[in-house]
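Pasting the sequence and the predicted coordinates here, then a few questions.
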Amino acid sequence: MNAAPKPEEAKEFKGKRWVVLCAAAGGYGINYAFQASVYHAYHLLKNHGIPEENIIVMHPDDLAYNKQNPTQGIVVNQVKGPDVYHDVPKHYVKDDITPKTFLSVISGDPKLKAAGKKVVESGPDDHIFVFLFDHGATELVAFRKGQLFAKDLKNTLVQMHEDKKFAKMLFYLEACESGSMFDGILPDNINVYAAASSRPDEPSYPCCNDPIRHVGVGGLFSDAWYRDSETKDLNTETIAEQFTFIAKEIKGTEHSVHYGDESIGKMTLAEFFGPKKVIDQSLVSNVTRNNEQCQLVNQRELAVWLAEKNIQGATNVNDKLKYTQELELILNGRQYADKQLNGLFETLKPLTGLEAIVALNTRSKVNNRECYYKFVQTFDEQCFNLNNNPYFTGKLHAFVNVCESLPQTSAATDSAIELMVQYCQQNANSALNIQ
C-alpha cells in the first residue's frame, strides 16, 4: 500500500478547490439537522481556506426564522453550540432546491450560469467536494421537490469525468440508506471517491437532542467529520484516515461505507477542504457531549423519540398535554400510513403475487430501475408527497419488491402504476403530514 502524501504535496496543489453544500429538505423538527450541518460546513471550509467565490450553498432557508425556532435568526449544530447561520450565502433557496438544479450546479450547467446563477466552473486540474444531507431511501435522496436517483447522479458524474470537469472529486452523503446511491453503481475509474453515512439497507442517525429547541441539531456522520476536521492538520491527514475516524466514531449505530476510486483516500484532506491550518473558531469540537442529550435514535424514529423526550421534559401540564397530543398525532399518522400501504400492496397482489407483508418486510436487489423510479415518482405525485410525509421514505423498498415481481416490460409497469393511482385516488389523504 502506498504511503500517505507528504504535507507539502497538498500545498503544491495548483488547481482550484470547489465546494457544493446542499441541504435538500427543510423545515423545523426532524429536518433541523440538514440545514444546520450545511451551515456548519460552510464556516468550516471557509475557515480552512476555501475562497468564498468557490463555495456554493443550497438550502431551503426556512429554519432560522421559522416560527417554531425559539432563537430567531440563530441556528446551532450542537447543543449549546454557537450560531452557524450567520453570513451563510443564499445561492439557492426554497424551491430552487431540486435534483435537476443540484446536478446542474455541480456539473457547471452553462444555461444556469447564463441565468445569473452560481455554478461550479471547474476544469481538468480542479478538485470538487460535495456534501449532501437529507432523507434517503433505496437508491434515492428525497429532495423537498422530487427525488435524486442513483442512476441520474452516476450519469452526471460520468459525464463530468468525460468532459474533464475535475481532476478528483470527493462526495460525502448523509442520509438513510445512503450507501445505496453508490453501491454497485459508482464506477471506480472516474476519479470520484464517495463516503456514505450508512449501508445501503440501514438508516442514518442524528445527534444530539437540544432541550431548548426540541430537535436533533446535527447528524452523527457529519458531527464526526467536523470534530475530526477541526482538530487535525488537514495538510497531513488523509481522506482514508478521516473515513476511518468517522467509521469508528459512529460504529454501533450506522456503518459508514466508501465507494469509487479508493486511491483518492491517500490524498490529504487539504486538497479538498483547504490548506489553512489555523481556523478562527472551532464550532463543535470544544463543546462537551452530554450522554443524556446524545442518546442515539435513527432518523426514521426521531419524530416519536423527540415527542417522548418532550413529554418527559415538560415542566407544566399545558406543555405535557401539547407534546402528548403531538405524539398521538404522529402515531396515528403512522398507523394510517401502514393501513394504506397494506391496502395498496394487497391491491397490487393480483399482478405481483406478493402478500403485502412480504412486499413491506423483505428487500430485493434493484434490477428494474425504470419501474422502481417510476413507482416512486408517481407515489410522490399521486399518493403521498414524500417531502411532507417522510415516514414513507422508509417503506419505498417495497416498490423494489413490486418491480422485481412484475414482468420486465413497460406495459406491466404501467398497468401496476395505474392500479396504484386508482387506489390512491380512492383512499389516500394527501393533505396529511406523516413523520
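Looks like it came in fine. Computed from a prediction, not measured in an experiment: that's the story for all the values here.

what's the following helix or strand after the biggest helix by length in the chain?
Counting residues, the longest helix in the chain under DSSP state H turns out to be helix 317-352. Downstream of helix 317-352, the next assigned helix or strand under DSSP states H and E is helix 356-361.

and that following helix, which residues are buried?
Residues of helix 356-361 classed as buried under the neighbour-count rule (16 or more other Cβ atoms under 10 Å) are 356, 359-360. Just so you know, the C-beta spots here come from the backbone N, C-alpha and C atoms, and that holds for glycine as well.

what do you get for stretch 259-272?
For stretch 259-272, by 16+ other Cβ under 10 Å, it's 259-261, 264-272.

Now intersect these with the helices, please.
Among those, the members that lie in helices (by DSSP H) are 270-272.

Would you format these as TSV with distance to L432 included?
Conversion of those to TSV gives the following (distance: Cβ to Cβ, whole Å):
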residue	distance to L432
A270	47
E271	47
F272	41
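
one step back: mean confidence score for the longest helix of the chain?
Helix 317-352 carries an average pLDDT of 96.

any idea how far it is from the chain center?
Its chain's average C-alpha position is 24 Å from that of helix 317-352, according to Cα atoms, centre = their mean, to the nearest Å.

which regions of the stretch 151-300 of the chain lie under the pLDDT threshold?
In the predicted model of the stretch 151-300 of the chain, residues 278-294 satisfy pLDDT under 70.

any idea where the strands of it begin and end?
Per DSSP state E, counting those that start in this stretch, the stretch 151-300 of the chain carries strands over the ranges 168-174, 192-196, 206-210, 215-219, 257-260.

can you tell me which of those comes nearest to Y28?
With Cβ to Cβ as the measure, strand 215-219 is the member of these nearest Y28 (6.9 Å).

what's near enough to touch the closest residue to N298 other than its chain neighbours?
Nearest in space to N298, with sequence neighbours left out and distances taken as Cβ to Cβ, 6 or more residues apart in numbering, is P203 at 3.9 Å. If you count contacts by Cβ atoms under 8 Å, 6 or more residues apart in numbering, P203 has them with 176-177, 254, 298-300, 394.

Relative to D261, how far out is P203?
Using Cβ to Cβ, to the nearest Å, P203 is found at 27 Å from D261.

Can you measure across stretch 391-406, start residue to end residue?
25 Å (Cα to Cα, to the nearest Å).

tell me the mean pLDDT over it?
98.

How far away from the center of its chain is it?
Distance, centroid of stretch 391-406 to centroid of chain: 20 Å (Cα atoms, centre = their mean).

okay, now the domains of this protein?
7-273, 317-427 (automatic domain parsing).

Burial-wise, tell me which of those domains comes out on top.
Most buried of those, by mean neighbour count (mean count of other Cβ atoms under 10 Å): domain 7-273, with a mean of 21.

still on that earlier bit, make CSV out of the strands of the stretch 151-300 of the chain and add distance to F34.
CSV is the format used below for those (distance: least, Cβ to Cβ, whole Å):
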stretch, distance to F34
strand 168-174, 9
strand 192-196, 16
strand 206-210, 10
strand 215-219, 8
strand 257-260, 20
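
circling back: quick check: which of the domains of the chain is nearest to L306?
Short answer: domain 7-273, nearest of the domains of the chain by Cβ to Cβ, at 6.3 Å.

wouldn't V38 be in contact with F131 here?
Yes. Proximity of V38 to F131 meets the contact threshold set by Cβ atoms under 8 Å, at 7.0 Å.

Which strand or helix spans G116?
Applying DSSP H and E, one finds G116 in no helix or strand.

Pull up the gap between the residue lying farthest from the centre of the chain and T324, please.
Relative to the mean C-alpha coordinate of the chain, counting by Cα atoms, centre = their mean, the farthest residue is V317 (36.7 Å). Using Cβ to Cβ, V317 is found at 10 Å from T324.

Then G343?
Distance, G343 to T324, by Cβ to Cβ: 29 Å.

any residues in contact with both of V38 and F131?
Joint contacts of V38 and F131 (Cβ under 8 Å, 6+ apart) are 21-22.

Which parts of this protein are helices?
7-11, 32-47, 99-106, 110-114, 150-162, 220-229, 239-250, 270-273, 302-313, 317-352, 356-361, 369-378, 397-405, 410-427.

Now distance to M58 too, for those helices, in JSON lines please.
As requested, these are exported to JSON lines (distance: least, Cβ to Cβ, whole Å):
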{"stretch": "helix 7-11", "distance to M58": "27"}
{"stretch": "helix 32-47", "distance to M58": "8"}
{"stretch": "helix 99-106", "distance to M58": "7"}
{"stretch": "helix 110-114", "distance to M58": "12"}
{"stretch": "helix 150-162", "distance to M58": "15"}
{"stretch": "helix 220-229", "distance to M58": "16"}
{"stretch": "helix 239-250", "distance to M58": "23"}
{"stretch": "helix 270-273", "distance to M58": "18"}
{"stretch": "helix 302-313", "distance to M58": "23"}
{"stretch": "helix 317-352", "distance to M58": "29"}
{"stretch": "helix 356-361", "distance to M58": "33"}
{"stretch": "helix 369-378", "distance to M58": "21"}
{"stretch": "helix 397-405", "distance to M58": "27"}
{"stretch": "helix 410-427", "distance to M58": "30"}
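
among these, which is nearest R199?
Each of these was scored for nearness to R199 using Cβ to Cβ, and the closest is helix 239-250 (11.2 Å).

Output that closest one as CSV, restricted to C-alpha atoms.
C-alpha atoms of helix 239-250 as CSV (Å, rounded to 0.1, in the frame of the first residue of the first chain):
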residue,chain,number,x,y,z
ILE,A,239,-9.1,11.2,3.4
ALA,A,240,-8.8,7.5,4.3
GLU,A,241,-7.7,8.4,7.8
GLN,A,242,-10.7,10.7,8.2
PHE,A,243,-13.0,8.0,6.9
THR,A,244,-11.6,5.5,9.5
PHE,A,245,-12.1,8.1,12.2
ILE,A,246,-15.7,8.7,11.2
ALA,A,247,-16.5,5.0,10.9
LYS,A,248,-15.1,4.3,14.3
GLU,A,249,-17.0,7.2,15.9
ILE,A,250,-20.4,6.1,14.6
